[in-house]
Every structure is written in structure tokens, then in C-alpha cells.
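In: I need the structure of the sequence given here:
(one chain, ligands or ions: 2)
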Amino acid sequence: MANSGQKVVLITGCSSGIGLRIAVTLARDEKERYYVIATMRDLKKKDKLLEAAGDAYGKTLTLLPLDVCRHTNNAPMLCVGLLGPVESISIEDMKQVFETNFFGVVRMIKEVMPDMKKRRSGHIVVMSSVMGLQGVVFNDVYTASKFAMEGFCESMAVQLLKFNIRLSMIEPGPVHTEFETKMMENVAKMEYPGVDADTVRYFKDVYLPSSIDIFEAMGQTPDDIAKCTKKVIESNSPRFRNLTNSLYTPIVALKYADETGGLSVNTFYNLLFNFGPLMHITMSILKCLTCSCLRRRTVSPN
Ligand SMILES: NC(=O)C1=CN([C@@H]2O[C@H](COP(=O)(O)OP(=O)(O)OC[C@H]3O[C@@H](n4cnc5c(N)ncnc54)[C@H](OP(=O)(O)O)[C@@H]3O)[C@@H](O)[C@H]2O)C=CC1
Ligand SMILES: CC1=C(/C=C/C(C)=C/C=C/C(C)=C/C=O)C(C)(C)CCC1
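Out: Ligands and ions are numbered 1, 2, ... in the order given. Presented below is the predicted three-dimensional model:
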């Protein structure tokens, strides 16, 4: 049980990736300021979390089953991501992504909100994405699910503030987790029924190699996202939007720099179709420039 000085933190999706790392980071806080209720839809997957949590389990971390889709049957679930030409994705699969990414968040907020309103306190932290702020080609449906969630949360934040409840969005770019692995596995198995040859080529030969380069050059670790999330939780005046990767700031800024949308559409078009083949080199240079060993040598004043 939590003691009176501890903040109780309920986290969903703790079987892997970002959710797991946030649960462990908070549960292993040196001052033991958090009591973490780590949830996952299938407790059989608890081993990775328990191994990482070590002796925090049973002390500052407890486990509970929680499926944000409240499945009543054993229907196989998609991963939270969905990639590929829309012509080859069924409406059913698209609805599943919305079921998890949008309605999953809505359900959780509806569950916790009444009690927080009564207490006039609480902080809801939602894992969004840069794709909740900026559309990315061939990620149309995943992006739409995150946009829907951003719109919902942006609207809710105003009402919640009146009850002294904070709402914060974490907006990571690419992060190396099972999300990436599952997407690539899905892509490897993908067939392209009803998709014309040009689109398949743009997806497989232009988008995918660029995307892999971007993951390699810009990818963060779940630990980076957990540290950023902890900072947001610990802030006295938590920000609504929290980009975790400053390399993405210019990409997201494009749409605000030109309200007609032309600047972002044309920039992404050029980046992908005109400079796509150069992406590998550009990303390698970017990686070098942001690598801490080079920064130490070039930026350090001494
Ligand atoms: N990785 C990335 O590049 C980025 C990820 N994000 C976001 O971060 C969040 C976590 O993803 P990430 O850690 O990367 O990916 P992972 O695939 O590693 O983790 C996803 C987690 O969500 C759980 N999950 C899936 N469906 C449900 C459900 N119905 N109810 C409860 N839990 C469920 C999975 O559980 P199970 O093991 O049972 O499948 C798993 O624990 C997602 O919202 C994603 O959109 C945002 C930006 C970038
Ligand atoms: C290919 C390509 C891009 C790809 C971005 C990617 C691959 C982002 C991945 C983000 C993830 C995985 C978010 C998860 O929520 C850019 C930079 C838009 C520029 C245009 C070309």
C-alpha cells in the first residue's frame, strides 16, 4: 500500500517499451516518492517488468491487469502502430488502432476523472507522439488516431484545469521499442492487395529506407522518454505539450509557420521524394553532429 507521503501513479501498457521504463523509473525513485500501479493487459508478460523493477516490486510497485480496450473475447490485437498504404489496410484494422490509441485514452480519462474532480487534484499524462502534431506519409491511420487523441485532450485540458487537474502530453519522435520491431515484422509480412505498383515502390523503396535512417539517427531510448515524463510529473507547473526530441522541433514548427499547410506538405514531399536518397547521408551527418563525443570536442568552451 502507498504511504500518505507517496504519489500514487497508475500506468498502462507496462509489459514493454516506454510504459515499462516509466514504471521502473518511478518505482525506483531514490526518495521513494511514488507508489506505482503498473498495469498490463496480460499478466503473463510481467517478467521483463519485474526483472527491471528488482526489489521495488512489492514495495513501491504493484501489478494489476488492465486492457484499455476492455476486450471481452480473445480477438488478436494489433500493435498500437499501423504503417503502409491505406489501400491495403482494412477498415477493421484501422478501427482497432483507434480503439487502442484513441478510445483507450478516452476510457482511462473517463475512469479516473470523477474522483480527481472530487479531490480537486490529479495529473493525467498521455503518451502522444510527434505524429499527433504532424502527419507522416504512410502512417496515415496511426497519425489520425494520435491527432484525435490530441484534439480530445486539448479540449479536456481546459475543463480539467478548472478542477485543478493537470493534463500533459508527451510527444516522442522515434523510440527504440517493440513498437519499431512489431511494425517492421508487420511490414515484412505485408501484402499489398489493391495497391498500385508505384505506391508499393514509394512505400518500400523510398519511405521505408528513409524511415529506418531516421529511426537510427533520431531514435531515443525508452529511458529518455521515462526521464522526460518524470520531469513533467515533478514539475510544479507541468506543460501541456512536451516534445522529447529537440531534433523534431523544426519539423513540428513548419505547420505553425504557414497556416495554409503548403510549407509542411511541400517540405515533406521534397524531403522524401527529392532528398530521400540523400536521407542516409544527411542522417549520418546529423547523428555525428548530435553525438556527445563530437559535441564535447566542438562545443565545449574549454
Ligand atoms: N516507439 C515509438 O517510436 C513511439 C511510441 N509512441 C507511443 O508510446 C506508447 C508506447 O509504445 P512503445 O512503448 O513504443 O511500444 P511497445 O509495443 O513496446 O509497447 C506498447 C504497450 O502497449 C500495450 N498495449 C497494447 N494494447 C493494449 C491494450 N488494449 N490495453 C493495455 N495495454 C495495451 C502493449 O501490451 P502487450 O504487450 O500486451 O501488447 C505494450 O505494453 C504508444 O502509445 C505509442 O504510440 C510515441 C512515439 C514514438
Ligand atoms: C520518412 C520521413 C520522415 C519520417 C519520420 C518518421 C519515421 C517518424 C517516426 C515517428 C514515430 C515512430 C512516432 C511514433 O509515434 C520525416 C521526418 C517526417 C520527413 C519526411 C520523410
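In: which SSE is residue 62 in?
Out: Using DSSP states H and E, residue 62 sits within strand 61-65.
In: can that strand be found next to ligand 1?
Out: No - using Cβ under 6 Å from any ligand atom, we find that strand 61-65 stays clear of ligand 1, coming within 9.2 Å at best. Using the backbone N, CA and C atoms, a C-beta is placed for each residue, glycine as well.
In: quick one, what contacts the closest residue to ligand 1 within the chain?
Out: Closest residue of the chain to ligand 1, Cβ to the nearest ligand atom: residue 17 (2.2 Å). Contact analysis of residue 17 by Cβ atoms under 8 Å, 6 or more residues apart in numbering lists 175, 177-179, 222.
In: number of residues surrounding residue 42?
Out: Neighbourhood size, residue 42 [other Cβ atoms under 10 Å]: 10.
In: thought it was touching residue 13?
Out: No - distance between residue 42 and residue 13: 11.1 Å, which falls outside the contact criterion (Cβ atoms under 8 Å).
In: about what we covered before: where is pLDDT lowest across the contacts of residue 17?
Out: Within the set of the contacts of residue 17, pLDDT is lowest for residue 179 (87).
In: what about that one, distance to residue 17?
Out: 6 Å (Cβ to Cβ, to the nearest Å).
In: and if you look at residue 210?
Out: The gap separating residue 210 from residue 17 is 23 Å, by Cβ to Cβ.
In: same question for residue 119.
Out: 30 Å.
In: same thing with residue 157?
Out: From residue 157 to residue 17 the distance is 25 Å (Cβ to Cβ).
In: check contacts around residue 176.
Out: Counting by Cβ under 8 Å, 6+ apart, residue 176 makes contact with 215, 219-222.
In: close to ligand 1, is the helix or strand harbouring residue 216?
Out: Here residue 216, judged by DSSP H and E, is contained in helix 208-218. No - contact of helix 208-218 with ligand 1 (Cβ under 6 Å from any ligand atom) is absent, the minimum separation being 7.6 Å.
In: what pLDDT does residue 274 get?
Out: 86.
In: then residue 216?
Out: pLDDT, read off for residue 216, is 89.
In: I'd like to know how many residues surround it.
Out: If we define neighbours as other Cβ under 10 Å, then residue 216 has 14 of them.
In: from now on call the first residue 13
Out: With the count now opening at 13, the last piece we talked about shows up as residue 228.
In: residues of the stretch 13-162 of the chain that sit close to ligand 2?
Out: 141-143, 148.
In: select from the residues you listed the one having the most neighbours.
Out: residue 141 (28 neighbours).
In: contacting residues for it?
Out: 158, 183-185.
In: what does residue 80 give?
Out: 24-25, 53, 112, 115-117, 119-120.
In: ok, 10 Å please
Out: 24-25, 51, 53, 92, 111-113, 115-120, 123 (Cβ atoms under 10 Å, 6 or more residues apart in numbering).
In: just give me the least confident of those residues.
Out: The member of the contacts of residue 80 with the lowest pLDDT is residue 92, at 67.
In: circling back: among the contacts of residue 80, which ones are buried?
Out: Buried by 16 or more other Cβ atoms under 10 Å: 24-25, 51, 53, 92, 111-113, 115-117, 119-120, out of these.
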